[in-house]
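1. One predicted model, sequence on top.
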Amino acid sequence: MAKKQVNPTDEFIKGLWRDNPVFIQMLGLCPALAVSNTAINALAMGAATTFVLVMAGLSVSLLKNFIPREARIVSYICIIATFVTCVDYAIMAISIELHRALGAFIALIVVNCLILGRSEAFASKNKPHIAVMDGLGMGVGFTVALLFIGVVREVLGSGTLFGVDLFADGFQTWTVMVLPSGGFFAMAIWLLVVNWIRQRQEKADKQTSEQTGEAAS
Amino acid sequence: MAKLSKHLEIGSSPHVTDGASTDVIMRNVFFALLPVTVFAVYAFGTGAALVIIVATASCVLTEHWLCRWTGNPSTVGDWSIAITGLLYGLTLPPDLPLWMVFIGGVFGVGIGKYLFGGLGMNAFNPALVGRAFLQAAFPQAMTHWQVPFAEGRFESIPSSVMAMPFWEPTYDAVTTATPLALMKFESEFAGGRELAAGLTSGSVGETCGALILLGGLYLVARNMMNWRIPASIFATVAVISWVYQLYDPTTYPGPVFMLFSGGLMLGAVFMATDMVASPITNLGCWLYGALIGVLVVVIRFWGGMPEGVMYAILLANAVSPHIDNLIQPRVFGTGRGAA
Amino acid sequence: MNTPAPPQQKPTTVWQMYRSIVGIGAFCALLIVSVYQGTSARIADNRARFLSSAIEEVLPAVRSTVEVSLDESGSLVAAAEAADLPAYLGYDENGDLVGAVITARGMGYADNITVLYSYSFELQAIVGHKVLESKETPGLGDKVELEPHFLANFEALDARLNEDGTALANAIVTVKEGEKTEAWQLDGITGATITSDAIGSILNQASSYWLPALERDARDFQPPQSIEE
């Protein structure tokens, strides 16, 4: 494992699909469900999480020889909390309205298991540039997943996309999609789609390998 | 193998006596619902008829399509899904846009029934799942009530019913408040005779308590329904509301109002008795009914919404396997939690 | 630690632990302080802009505001520190008093609702309201921010005091939609009864607290020297 050739591009791409944090690993669901009611919220949340992921991954990877094994969790949490606080201030400086919309969930990035998980499982064992690519991939995958959920919820729930009206007057908004339960529905629908595609892929892979197997024999 | 276990599960339910098959029961449920349906169309006109037709069609089509898509034989033939669709239609407001009716039906059967494994596996009553989704998605349209016995209800179709898909309905007919909304927000109680005869406003099939009771009695007489569930619901609701009426008659209506208003009659007789989502033991049925009764009263008296039968039944559906589990006698010699 | 460390790993000394935790702590503290320093001016700026845009929405004539509070004896003083639910006196460009802007909070259908509303001394009425925070059901409860006939209540919602100026002459209440007959009644919203009722009782409660003191003291109130935007 340690000797395996690690390619930064692979580390980036795996977060997008094969190990997508929301749709495959099912990590970080709390913010994914709570602040995906509009596309812009989803994007902001994803960007904030990506920043924390990358910075935490970089710091942990740089400090991996400096942090003793016994004190690693407390050190990681301390590092993550620091970057979350920075993001919190940055968002407040950018827009108070956005900060109000995201509410407590910015602070709660600290306890997003995705970040601690990547720090512990990946960044602490890999070189800084690899860790950064991993964090970036996971972050972008998280953002894309949130955006998918957010787009469905915003279009159906408010009839808008990124705050722009999509339909003429009189569009019937689906109140449920703006409510927390809408997050579950939208997420479930995407999970259905993702798993369906994956199954088809696996089936296709199996068939091709069987065919090549037959050809070889 | 899967097919075998399905039949076993249905057969062991207390609704079913010696060897009655699903389609025989369902045909009888249909007979029981017929007077209610006819009355609904008579009271609310073409709108109600279209709502019922689209509701039934959407459920049947969804079931058929999902069965075909997943490569299973279609279970449409046993009529159970048609009954679900009919019941779903009866719980809707009579001037609901048809596209909403359709979406609710697809959601109720798709999410509420098929994803749980189809007939015999659903934890919740699919008709109520569909209705609950609509209630959450389109609260305005779902709390919009048409006046019953309006003039010219057979000549024209309400414009809201024919609203363009995904577009807001426009209402032309005179609207009114349900007896429960009047109770909740104005402390006005409708008379018992009015309620029982179905002269008030409400969902398509919930207004005429007397006809629903008649249908229920028919099913009980044919031994095709567990009478303990509705009896338990009625008793609980009646006792609690009677006690509260003694305490404060201006705020709390009496037992007759509570029993005959809103969806309680329809819910207790046809929804709560859903063979799959209710407990299978007799004691369990009593407890289950009592739970629904308590929840209905709590939601109606102190909740934010005027009507709570739907949520009460769905919540009780969720706990019904646990009720069965709870009242299992412990096998001698086994420890706690061994069940 | 019960599990022995792998043989090739040297046991961690206390010094190493200190070094890492204190070092990381110091580094993090430094980072947070510098980010805070770098952003605090903009954040304060954003907050002030948010508030002034909200105030302008409910009382458009205002050019400058002074935050006020009530002291123990119930008379009006300039606020020593920003309150949780602040109230402001608003002045126009000539420095004349035009009205008061009051924040108030109360229980709605889902959670607390915080509103900002304005009181005109000239009309002795509430002339504007804006919901600052609410978790009411979208599509029903949030009609109190959108519904035209409900917002029309705030053209001049009568909030006159009684003759000795100690309480509201008429309690502000929400009535059923279409049944408003008096100037101090709020025309409610069918389908959002609880939320519109809540707005009425929030306004009534906050007005009973603030208006007697405002009517008595605000005209003679000497704002502190620095009135700036």
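-> Arrived safely, thanks for sending. Since the structure is predicted, the reported quantities are computational estimates derived from the model, not experimental observations.
2. any idea how chain C splits into domains?
-> When chain C is parsed with automatic domain parsing, its domains come out as C:13-58, C:61-220.
3. Could you pull up the mean pLDDT of the shortest one?
-> Rounded to a whole number, the mean pLDDT of domain C:13-58 is 87.
4. swap in the longest one?
-> Confidence over domain C:61-220, taken as the mean pLDDT, stands at 82.
5. Quick one: residues contacting B:Val106.
-> Going by C-beta atoms under 8 Å, 6 or more residues apart in numbering or on different chains, B:Val106 touches B:Ser58, B:Thr62. Where C-beta positions appear, they are placed from N, C-alpha and C, glycine not excepted.
6. what do you get for C:Leu168?
-> Residues near C:Leu168 by C-beta under 8 Å, 6+ apart: C:Ala159, C:Arg160, C:Leu161, C:Asn162, C:Trp184, C:Asn204, C:Ser207, C:Ser208, C:Leu211.
7. So among those, which ones count as buried?
-> C:Ala159, C:Arg160, C:Leu161, C:Trp184, C:Asn204, C:Ser207, C:Ser208, C:Leu211 (16 or more other C-beta atoms under 10 Å in any protein chain shown).
8. Helix or strand: which one has residue 22?
-> By default, I'm working from chain A. Assigned by DSSP states H and E, A:Val22 belongs to no helix or strand.
9. Correction: the question concerned chain C.
-> Counting by DSSP H and E, C:Val22 is part of helix C:14-58.
10. what lines up beside the following helix or strand past that helix in the sheet?
-> Using DSSP H and E, the helix or strand that follows helix C:14-58 in sequence is strand C:64-70. The strands beside strand C:64-70 in its sheet (DSSP bridges) come out as strand C:76-78 (antiparallel), strand C:87-91 (antiparallel).
11. Of these, flag the one that's most buried.
-> strand C:87-91 (a mean of 23; mean count of other C-beta atoms under 10 Å in any protein chain shown).
12. after it, next one along is what?
-> With DSSP H and E, the next secondary element past strand C:87-91 is strand C:97-107.
13. chain center to the very next helix or strand once past that next one: distance?
-> For strand C:97-107, the following helix or strand on the C-terminal side (DSSP H and E) is strand C:112-120. Remark: strand C:112-120 is offset 7 Å from the chain centroid, using C-alpha atoms, centre = their mean, to the nearest Å.
14. Now the residue positioned nearest the centre of chain A: closest residue in space that isn't a chain neighbour?
-> In chain A, the residue lying closest to the centroid (C-alpha atoms, centre = their mean) is A:Phe142, at 1.6 Å. Spatially, and ignoring its direct neighbours in sequence, A:Phe142 is nearest to A:Pro21 (4.8 Å; C-beta to C-beta, 6 or more residues apart in numbering or on different chains).
15. Can you give me every residue that contacts the one you found?
-> Taking C-beta under 8 Å, 6+ apart, we find A:Pro21 in contact with A:Gly15, A:Leu27, A:Gly28, A:Leu114, A:Met138, A:Gly141, A:Phe142, A:Ala145.
16. A:Gly141 is in contact with the fourth one, correct?
-> No. Under the criterion of C-beta atoms under 8 Å, A:Leu114 makes no contact with A:Gly141, lying 9.7 Å away.
17. Which one's more surrounded, the two?
-> When neighbours are counted by other C-beta atoms under 10 Å in any protein chain shown, A:Leu114 and A:Gly141 differ, and A:Gly141 comes out ahead with 27 against 24.
18. burial of A:Ala186, as a residue count?
-> Other residues lying near A:Ala186 total 24 when counted by other C-beta under 10 Å.
19. Am I right that it sits in a helix?
-> Yes. Applying DSSP: H, G, I helix; E, B strand; the rest coil, one finds A:Ala186 inside a helix.
20. And it, how far from A:Leu156?
-> 8 Å (C-beta to C-beta, to the nearest Å).
21. Same question for B:Ala163.
-> Distance from B:Ala163 to A:Leu156, by C-beta to C-beta: 16 Å.
22. For B:Leu219, what is the enclosing helix or strand?
-> B:Leu219 belongs to helix B:209-221 when assigned by DSSP H and E.
23. Tell me which residue of the stretch 1-150 of chain B lies closest to chain C.
-> Distance from chain C to each residue of the stretch 1-150 of chain B (C-beta to the nearest C-beta) is smallest for B:Pro139, at 5.5 Å.
24. Please tell me the pLDDT value assigned to that residue.
-> 82.
25. and what of B:Val269?
-> pLDDT, B:Val269: 90.
26. any idea of the angle the helix holding C:Val22 forms with strand C:97-107?
-> Put simply, helix C:14-58 runs at 120 degrees to strand C:97-107, going by axes from the mean of the first three to the mean of the last three C-alpha atoms, to 10 degrees.
27. touching chain A at all, stretch B:112-122?
-> No. On the criterion C-beta under 8 Å from any C-beta of the partner chain, stretch B:112-122 is out of touch with chain A, staying 8.7 Å away.
28. how long is that stretch from one end to the other?
-> 7 Å (C-alpha to C-alpha, to the nearest Å).
29. Give me the contacts around that stretch.
-> B:6, B:9-10, B:22, B:62-63, B:66-67, B:72, B:75, B:78, B:80-81, B:84, B:123-126, B:128-130, B:276-277.
30. again, but for stretch B:224-240
-> B:14-17, B:20, B:25, B:28-29, B:216, B:219-220, B:255, B:258-259, B:264, B:268-269, B:272-273, B:278, B:282, B:285-290, B:292-294, B:296-297.
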